[in-house]
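> any chance you could fold what I've pasted below:
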Amino acid sequence: MNSNPNSDLHHSKATATFWAFDAFDCFSGKIYSQMTAEAISRVNIFLEAYALYDKVVVSEGYFSQNKKLFDLIDPDGSIVEVVRSKDLIHAETLSPAGITYECSLFDRAAEDLKKDSREWFLEHQPLFGKLDLDDDPDGHMANTADSFYLLRLWQWGACKEMAERSGATVLLPNSLRDIEVLDKYRHTNDFIVRTLAQLKGQFGKDLSEVAFFTNEPFQDQIEATPPVFAFFVDLHAVGSSPYESLAKLRREMEEIRSMRRKFEADLRGCASYAERKDLVHGFNSDWRRVCESNFKKPNLLTSEVSGGEVAKAAIDAFDVKASAGVSLISKAIEYGQARKAYKRFKSYTHLFDRAGEAVMADDFRKKLAEKFGVHDFIPREKNKA
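Numbering: from 1, shown residues only. Alright, predicted model coming up:
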């Protein structure tokens, strides 16, 4: 555990709502018998923070109350960084002292957030998923649901403050993303957030298309399953420790963390703006190639080069004519560039492929049940009160 945010300025850091840590604790402890898309998103951002960043930032108050959990996920104290309570304004945990939220944001956003307060309340705790808020004689549960937007405002403000105090990136579950938009807040520049968002977009699109054409009965759950979550479920073995699997996931994602460190070190080492521009351009070009290839390994033999082109290029080579060989040469150059891009982002391709295979496997739901005790998924549209 590190409480000095200035001691490792070049380490990547992520922070998340404490709901994410609670969700992983419940998931790994087989407490969830059913899950919502929100619950999955919370477990997922915990996994992303832990596996894709060097440091995970939490508040001192939450850390102290959950020391047993942090001893399990960070036994040698090298991953978790703690922000001192005296440096924070927002409430760190839910207590009789109450919660905090930004008054200016409340004035701007409260009316919008109230509209789906009940829906997010039902998503908040999977056990709430089948409650009928209209069948509530004393009205207590309905009143709690109607005011749930205040808890969302609190968690958003607390996450943002933690990020600003520590220099961390905020990772958000589904329930807080619209607040980020209403607050007009911008993340620190973070290429892991940007690249992973693009990977998730393509991952979700592919899964949705396959599920549609195969008439998959559990399409809602498939579409709600992000790649890192799927990777972890597939990685974990029945009967093994979830914390050992968590450490293994972090080792599997080391290449992404080291790639970021190297890229940022290279940027710092540039002697001029022009050098930095070229470095960023090369990074972005390689990333575009990987995305355009749908995260597939390039193969020259599958390039669209006809036999006629090859023969013509060979004949023209004897005639010292270059023009006819341009198509073949250009494809060879493109292949070389694609290979370079693939090598640079190979860890993303590995994540994309393994997660996709896991989610679309016939036994994915069975694995969730056997490994984590999750037997049911509650689609969000059923949660509307």
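> over to residue 90: give its phi and psi.
phi -70, psi 150 (degrees, to the nearest 10).
> what ranges do the strands span in the stretch 101-250 of the chain?
169-171 (DSSP state E, counting those that start in this stretch).
> where do the helices sit along it?
103-114, 117-124, 140-146, 148-166, 174-183, 191-213, 219-223, 227-235, 242-252 (DSSP state H, counting those that start in this stretch).
> quick one, which of those is nearest to residue 66?
Residue 66 lies closest to helix 242-252 among the helices of the stretch 101-250 of the chain, at 13.8 Å (C-beta to C-beta). From N, CA and C alone the C-beta is placed, and that goes for glycine too.
> which parts of that closest one are buried?
242, 245, 246, 247, 248, 249, 250, 252 (16 or more other C-beta atoms under 10 Å).
> distance check, the residue found closest to the second one once you drop the neighbours it is linked to in the chain against residue 207.
Right, the one you point to is residue 245. The spatially closest residue to residue 245, leaving aside those adjacent along the chain, is residue 236, at 4.0 Å (C-beta to C-beta, 6 or more residues apart in numbering). Between residue 236 and residue 207 the distance is 20 Å, computed by C-beta to C-beta, to the nearest Å.
> how about residue 123?
Between residue 123 and residue 207 the computed distance is 20 Å (C-beta to C-beta).
> re earlier: and residue 345, which of the helices of the stretch 101-250 of the chain is closest to it?
Across these, closest to residue 345 is helix 191-213 (C-beta to C-beta), at 7.9 Å.
> put the alpha carbons of that closest one into PDB.
Provided in PDB are the C-alpha atoms of helix 191-213 (Å, rounded to 0.1, in the frame of the first residue of the first chain):
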ATOM      1  CA  PHE A 191      -4.800   5.800 -24.300                       C
ATOM      2  CA  ILE A 192      -5.900   2.700 -22.400                       C
ATOM      3  CA  VAL A 193      -9.400   4.100 -21.900                       C
ATOM      4  CA  ARG A 194      -9.500   5.200 -25.600                       C
ATOM      5  CA  THR A 195      -8.100   2.000 -27.100                       C
ATOM      6  CA  LEU A 196     -10.100  -0.300 -24.800                       C
ATOM      7  CA  ALA A 197     -13.300   1.600 -25.600                       C
ATOM      8  CA  GLN A 198     -12.700   1.000 -29.300                       C
ATOM      9  CA  LEU A 199     -11.900  -2.700 -28.700                       C
ATOM     10  CA  LYS A 200     -15.100  -3.000 -26.600                       C
ATOM     11  CA  GLY A 201     -17.100  -1.400 -29.300                       C
ATOM     12  CA  GLN A 202     -15.900  -3.800 -31.900                       C
ATOM     13  CA  PHE A 203     -16.200  -6.700 -29.500                       C
ATOM     14  CA  GLY A 204     -19.800  -5.900 -28.700                       C
ATOM     15  CA  LYS A 205     -20.700  -5.400 -32.300                       C
ATOM     16  CA  ASP A 206     -19.300  -8.800 -33.300                       C
ATOM     17  CA  LEU A 207     -21.000 -10.600 -30.500                       C
ATOM     18  CA  SER A 208     -24.300  -8.900 -31.200                       C
ATOM     19  CA  GLU A 209     -24.100  -9.900 -34.900                       C
ATOM     20  CA  VAL A 210     -23.200 -13.500 -34.200                       C
ATOM     21  CA  ALA A 211     -25.800 -13.800 -31.500                       C
ATOM     22  CA  PHE A 212     -28.500 -12.400 -33.800                       C
ATOM     23  CA  PHE A 213     -27.700 -14.800 -36.700                       C
END
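> that helix: how far from the chain's middle?
Between the centre of helix 191-213 and the centre of its chain there are 11 Å (C-alpha atoms, centre = their mean, to the nearest Å).
> just stretch 59-77 next, same as before
That offset, for stretch 59-77, works out to 22 Å (C-alpha atoms, centre = their mean).
> do me a favour and get the end-to-end distance for that stretch?
Terminal residues of stretch 59-77 are spaced 15 Å apart (C-alpha to C-alpha, to the nearest Å).
> what number of residues lie near the closest residue to residue 74 other than its chain neighbours?
Leaving aside its chain neighbours, residue 74 sits nearest to residue 80 (4.5 Å; criterion: C-beta to C-beta, 6+ apart). Per other C-beta atoms under 10 Å, the neighbour tally for residue 80 reads 18.
> what sits against residue 80?
Applying C-beta atoms under 8 Å, 6 or more residues apart in numbering, we find residue 80 in contact with 1, 2, 55, 56, 57, 58, 63, 70, 73, 74.
> switch the cut-off to 7 Å
The contact partners of residue 80, taken as C-beta atoms under 7 Å, 6 or more residues apart in numbering, are 1, 56, 58, 70, 74.
> repeat that for residue 374.
32, 33, 34, 35, 368.
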